[in-house]
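Colleague: Predicted model and sequence below, questions to follow.
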Amino acid sequence: MIEAGAFVSPKWGAPDGRHGDVYRGIPKDPGVEYPVLVPNMKGLERAIDAGVKSIAIFTAASETFNKRNINMTIDESFVNYAPVAARATAEGIRVRG
């Protein structure tokens, strides 16, 4: 498995917001997963548009780190990820946390 990027706001990731272009441009070997980090539903929608087949959702054990990293408390992140994981699963996308 190879981490293939993060579908985050252009404020936090690729400055031009072209995560989909980057993902589509990666040569992909059969049998290798290329999960991308997806922090919210907008990120999932961009990942779906790019043809992503595997996502990673993430939170932290520290409230401070979580607030600085994804701008949510740990509890808020669990509430946020429930619909993201459900939609991804419904779309046939593998989800890992």
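Modeller: Noted; the coordinates are in hand. Quick caveat: nothing in here was measured; it's all calculated off a predicted structure.
Colleague: So which residues of the protein form strands?
Modeller: Using DSSP state E, the strands found in the chain span residues 36-37, 54-56, 94-96.
Colleague: Report all helices and strands that the first one contacts.
Modeller: Just to be clear, that refers to strand 36-37. strand 54-56 (3 or more Cβ pairs under 8 Å, 6 or more residues apart in numbering; DSSP states H and E). From N, CA and C alone the C-beta is placed, and that goes for glycine too.
Colleague: what's the distance between the strand it packs on and the middle of its chain?
Modeller: Distance of strand 54-56 from the chain centroid (Cα atoms, centre = their mean, to the nearest Å) equals 6 Å.
Colleague: looking just at contacts, which helices and strands does that strand meet?
Modeller: Applying 3+ Cβ pairs under 8 Å, 6+ apart, one finds that strand 54-56 contacts strand 36-37, strand 94-96.
Colleague: what residue lies at the spatial centre of the chain?
Modeller: Note on the chain: the residue nearest the mean C-alpha position is V38, at 1.5 Å, using Cα atoms, centre = their mean.
Colleague: if I look at it, how far off is G97?
Modeller: V38 is 11 Å from G97, where distance means Cβ to Cβ, to the nearest Å.
Colleague: Could you do A88 as well?
Modeller: A88 is 11 Å from G97, where distance means Cβ to Cβ.
Colleague: Compare those two (neighbour count), which wins?
Modeller: Neighbour count, other Cβ atoms under 10 Å: between A88 and G97, A88 has more, with 23 against 10.
Colleague: residues contacting that one?
Modeller: Shown in contact with A88 (Cβ atoms under 8 Å, 6 or more residues apart in numbering): V38, L44, I55, R94, V95.
Colleague: Understood, closing this out.
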